[in-house]
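Chemist: No letters, just coordinates:
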RNA sequence: CGGGGCGUAGUAUACCGGUAGUACGCUUGGUUUGGGACCAAGUAGACCGAGUUCGAUUCUCGGCGCCCCGACCA
């Protein structure tokens, strides 16, 4: 894409109402736009990154047998009444609205109820199990206080997968598979080294759950990390008996602040019981379906990546989630020949399937470099009088900024080598 | 929801009980051209309502919005 055509623009100053690093940088670089407290729109660059993250999650969910669907955002109270969760006392973040023809609707804060009800139409035999169903769908949560930029918002997309199993053993097997898949996801988006599977409270559904916590000072949670075992314990369950169960000592743990980037938890038969989701076993006996729930918010993950990897100059995207593979920057000084050469490089990159943002704007080098650093695309290629005279283009990585001259014919090979 | 803070051009800010200044941006012209250039001329603003006052962007009250701390958070 030609940057001269991109309708967004970078800014030197972040809006004064944004304090969090992720929102400051994402707004300054033109990835997102704030609509109101806790509500953000995604702009071209931001949407590209969002989609990259979504695709990574999709691939890993498909790899463990997930089947993608989309449930509705509007919710019928009836199904929530069956689980006693229509009441604001049960879910205090409900957005509810009225139907003009009379009656109420809810905006989905989560999707256990509608999916369990839906699945009861399709699951009736042990032969129908297990089933793993997921979606990327907007959740609405009427948080008392939105905060931390795009990390705690009132409207956000969540990947939520629900597992339907015949037995506790079958459920556990998948639960661990999903845990592995989550580890791959966090590794691919570039935060694997600072993300810990964290033992946590199970809330109202089960005794315990597992959270994926990324170390981050801007995080809301406090966890105790066991560096050697690569696990952690959430402060909410940081108790002697829990530590004993896990076989770890207090002295081996380090207190850290962290942001929850994913969670997996057992639902047991809480929803299948109340919504009548059961199956007939080999003996024709009715059995409850064992469920589990597995969530990741791509938007929050995007914010977390920014928080974790940004430097003083701006965002630093890992390869797999960057909006483009390459930022091609021309420094023409008004020289049409240089512009033509940069255009040729742009076309050559595209012909080779490289996603490239081409800064073809009539701007000075300093401004272009500053913007390039802010936007954070992993590889920068510069075409200028200097590089043409030297017979190539300059290639630099966002992570270290050091430029080296690369012959035009070697560019594609070098780019693939970095993939 | 408790506590604190803040609402001035697109963005960041300043001053002031007598109708608003600066920087960035944007427009036009010129000079520049490898780390956010320079000159000139333009463009654009007081959250809403009520009150006090000769006069309110400024003071008071109410509303709305935003931020932070806490509480809450499958």
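Modeler: Nice, thanks for sending it over. As the structure is a computational prediction, the values presented were derived from the model and not from experiment. Residues are numbered from 1 along each chain as shown, chains lettered A, B, ... in the order given.
Chemist: Show me where the stretch 301-419 of chain A has its strands.
Modeler: A:326-331, A:356-359, A:379-384, A:393-397, A:403-406 (DSSP state E, counting those that start in this stretch).
Chemist: Of these, which is nearest RNA strand B?
Modeler: Of all the strands of the stretch 301-419 of chain A, it is strand A:379-384 that lies closest to RNA strand B, at 3.0 Å by Cβ to the nearest atom of the strand. Just so you know, the C-beta spots here come from the backbone N, C-alpha and C atoms, and that holds for glycine as well.
Chemist: May I have the strands that pair with that closest one, each with its orientation?
Modeler: Next to strand A:379-384 in the sheet, as set by DSSP bridges, lie strand A:326-331 (parallel), strand A:393-397 (antiparallel).
Chemist: Any part of stretch A:362-372 near RNA strand B?
Modeler: Yes. In terms of Cβ under 7 Å from any atom of the strand, part of stretch A:362-372 sits within range of RNA strand B, namely A:364, A:365, A:366, A:367, A:369, A:370, A:371, A:372.
Chemist: what's the offset of that stretch from the middle of its chain?
Modeler: Distance of stretch A:362-372 from the chain centroid (Cα atoms, centre = their mean, to the nearest Å) equals 30 Å.
Chemist: what's next to that stretch, contact-wise?
Modeler: A:4, A:10, A:313, A:327, A:329, A:331, A:332, A:334, A:359, A:361, A:380, A:384 (Cβ atoms under 8 Å, 6 or more residues apart in numbering).
Chemist: swap the cut-off to 6 Å and go again
Modeler: Stretch A:362-372 is touched from outside by A:10, A:327, A:329, A:331, A:359, A:380, with contacts defined as Cβ atoms under 6 Å, 6 or more residues apart in numbering.
Chemist: Also stretch A:272-292?
Modeler: A:82-83, A:116-117, A:120, A:123, A:125-126, A:163-165, A:171, A:175, A:266-267, A:269, A:271.
Chemist: Kindly identify which of those also come near RNA strand B.
Modeler: When contact is defined as Cβ under 7 Å from any atom of the strand, the contacts of stretch A:272-292 do not meet RNA strand B at all.
Chemist: Among those residues, which lie within strands?
Modeler: A:163, A:164, A:165, A:266, A:267 (DSSP state E).
Chemist: Was I right to think the third one contacts residue A:171?
Modeler: In other words, residue A:165. Yes. At 4.0 Å, residue A:165 and residue A:171 qualify as touching, with contact defined as Cβ atoms under 6 Å.
Chemist: Now render the strands paired with strand A:379-384 as TSV, adding mean neighbour count and distance to residue A:202.
Modeler: Shown next, in TSV, are the strands paired with strand A:379-384 (neighbours: other Cβ atoms under 10 Å; distance: least, Cβ to Cβ, whole Å):
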stretch	mean neighbour count	distance to residue A:202
strand A:326-331	26	45
strand A:393-397	20	43
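Chemist: would you turn those strands into JSON lines with mean pLDDT?
Modeler: Formatted as JSON lines, the strands paired with strand A:379-384 follow (pLDDT from 0 to 100):
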{"stretch": "strand A:326-331", "mean pLDDT": "98"}
{"stretch": "strand A:393-397", "mean pLDDT": "97"}
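Chemist: Save those as CSV, and put in distance to RNA strand B too.
Modeler: Shown next, in CSV, are the strands paired with strand A:379-384 (distance: least, Cβ to the nearest atom of the strand, whole Å):
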stretch, distance to RNA strand B
strand A:326-331, 4
strand A:393-397, 5
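Chemist: okay, those strands in JSON lines with distance to residue A:137 next?
Modeler: Putting the strands paired with strand A:379-384 into JSON lines (distance: least, Cβ to Cβ, whole Å) gives the following:
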{"stretch": "strand A:326-331", "distance to residue A:137": "32"}
{"stretch": "strand A:393-397", "distance to residue A:137": "36"}
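Chemist: Would you mind naming what in the stretch 1-150 of chain A lies close to RNA strand B?
Modeler: A:9-20, A:28, A:36-38, A:91-93, A:109-110, A:143-148.
Chemist: let's see it at 6 Å
Modeler: A:10-13, A:15-17, A:19-20, A:36-37, A:92, A:110, A:144-148 (Cβ under 6 Å from any atom of the strand).
Chemist: Just the ones of the residues you listed in helices?
Modeler: The helices in this structure, assigned by DSSP state H, contain none of these.
Chemist: any idea which helix or strand carries whichever residue of chain A sits closest to RNA strand B?
Modeler: Scanning chain A for the residue nearest RNA strand B gives residue A:203, at 2.0 Å (criterion: Cβ to the nearest atom of the strand). Using DSSP states H and E, no element contains residue A:203; it sits outside every helix and strand.
Chemist: what's around the closest residue in space to it that isn't next to it in sequence, how many residues?
Modeler: Spatial nearest neighbour of residue A:203, excluding adjacent residues (Cβ to Cβ, 6 or more residues apart in numbering): residue A:209 at 7.1 Å. Around residue A:209 there are 21 other residues, counting by other Cβ atoms under 10 Å.
Chemist: do the same with residue A:4
Modeler: 11.
Chemist: Helices of the stretch 101-250 of chain A, residue ranges please.
Modeler: A:112-119, A:168-188, A:240-246 (DSSP state H, counting those that start in this stretch).
Chemist: and the second one, how far from the chain's centre?
Modeler: Which is helix A:168-188. So, by Cα atoms, centre = their mean, the centroid of helix A:168-188 is 17 Å from its chain's centroid.
Chemist: average pLDDT for it?
Modeler: In this model, helix A:168-188 has an average pLDDT of 98.
Chemist: Likewise for stretch A:85-104?
Modeler: 93.
Chemist: buried ones in it?
Modeler: A:85, A:86, A:91, A:94, A:95 (16 or more other Cβ atoms under 10 Å).
Chemist: Just the pLDDT for the residue lying closest to the last one once chain neighbours are set aside.
Modeler: On the basis of Cβ to Cβ, 6+ apart, the spatially nearest residue to residue A:95 that is not a chain neighbour turns out to be residue A:107, at 4.2 Å. The predicted structure scores residue A:107 at 97 on the pLDDT scale.
Chemist: Show me what residue A:107 is bridged to.
Modeler: Applying DSSP bridges, one finds that residue A:107 bridges with residue A:74, residue A:95.
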